[in-house]
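**Student:** Coordinates for the following, if possible.
(2 chains)
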Amino acid sequence: NAGVMQNPRHLVRRRGQEARLRCSPMKGHSHVYWYRQLPEEGLKFMVYLQKENIIDESGMPKERFSAEFPKEGPSILRIQQVVRGDSAAYFCASSPRLSSYEQYFGPGTRLTVT
Amino acid sequence: GENVEQHPSTLSVQEGDSAVIKCTYSDSASNYFPWYKQELGKRPQLIIDIRSNVGEKKDQRIAVTLNKTAKHFSLHITETQPEDSAVYFCAASRRDGNKLVFGAGTILRVKS
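**Tutor:** Residues are numbered from 1 along each chain as shown, chains lettered A, B, ... in the order given. Below you'll find the model as predicted:
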């Protein structure tokens, strides 16, 4: 029973480039959450998606960040024109349905902007 | 919006002693309170959780207590072992929102 998968595990981008982070939820899970963890800080909610729907994006920066969870394939968090302050660990979590509270986390993608 | 405060930020205990980490939350509509353990460079792992209709929950050496009136909840680890050393995060969420609001974390060091 595979857990939540994320790739790449490590990503290095130069300032101004685009970063694409992918998340495949656990089998049978249709809800995906993205969180960001800055060095030595807690996790901050970014966005909550179901298949083909953004449910809550209240934690997403207004510019440069977008997320999607298509009918087929993984959820993608996209960061355009990255800046040094985007360097962080980005975790996704999944849960099976709205009525299920538990969220299970993937291994994270560590983004470094040089 | 919801705010979760966590104390202490670091905690050192001797192997075999107990460790207690406390969190307070601000949103009275929160009704789910999980605890995650995160080892260095690893994913947060759900270790125990509690829902608002329960006051206490125990799983072997770990337990969580919830006081809804005071809006605080605590993690208790008994008979600590070196492998308990990690960062522990509390979180809170609402039934109608599902997003987790995390505390800032507690670095637990168990000295052998």
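**Student:** Pull out the buried residues from stretch B:36-50.
**Tutor:** By neighbour count on 16 or more other CB atoms under 10 Å in any protein chain shown, the buried set for stretch B:36-50 is B:36-38, B:43-44, B:47-50. Where C-beta positions appear, they are placed from N, C-alpha and C, glycine not excepted.
**Student:** who in chain B is up against chain A?
**Tutor:** Within reach of chain A by CB under 8 Å from any CB of the partner chain, chain B has these residues: B:6, B:32, B:34, B:36, B:42-46, B:49, B:51, B:89, B:93, B:97-105.
**Student:** ok so, going back, as JSON lines, the buried residues of stretch B:36-50 with pLDDT and secondary structure would be great.
**Tutor:** Below are the buried residues of stretch B:36-50 laid out as JSON lines (pLDDT from 0 to 100; DSSP: H, G, I helix; E, B strand; the rest coil):
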{"residue": "B:Tyr36", "pLDDT": "97", "secondary structure": "strand"}
{"residue": "B:Lys37", "pLDDT": "97", "secondary structure": "strand"}
{"residue": "B:Gln38", "pLDDT": "95", "secondary structure": "strand"}
{"residue": "B:Arg43", "pLDDT": "94", "secondary structure": "coil"}
{"residue": "B:Pro44", "pLDDT": "94", "secondary structure": "coil"}
{"residue": "B:Ile47", "pLDDT": "96", "secondary structure": "strand"}
{"residue": "B:Ile48", "pLDDT": "96", "secondary structure": "strand"}
{"residue": "B:Asp49", "pLDDT": "94", "secondary structure": "strand"}
{"residue": "B:Ile50", "pLDDT": "94", "secondary structure": "strand"}
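**Student:** Of these, which pair is most distant in space?
**Tutor:** Spatially, the most separated pair among the buried residues of stretch B:36-50 is B:Arg43 and B:Ile50, at 21.3 Å (CB to CB).
**Student:** where in chain A is pLDDT low?
**Tutor:** By pLDDT under 70, the weakly predicted segments of chain A are A:1, A:98-99.
**Student:** Just give me the residue right at the centre of it.
**Tutor:** Nearest to the mean C-alpha position of chain A, by CA atoms, centre = their mean, lies A:Trp34 at 3.7 Å.
**Student:** Reduced to three states, what does the closest residue to that residue other than its chain neighbours come out as?
**Tutor:** Nearest residue to A:Trp34 in three dimensions, chain neighbours excluded: A:Met46, at 4.4 Å (CB to CB, 6 or more residues apart in numbering or on different chains). State at A:Met46, reduced to three classes by DSSP: H, G, I helix; E, B strand; the rest coil: strand.
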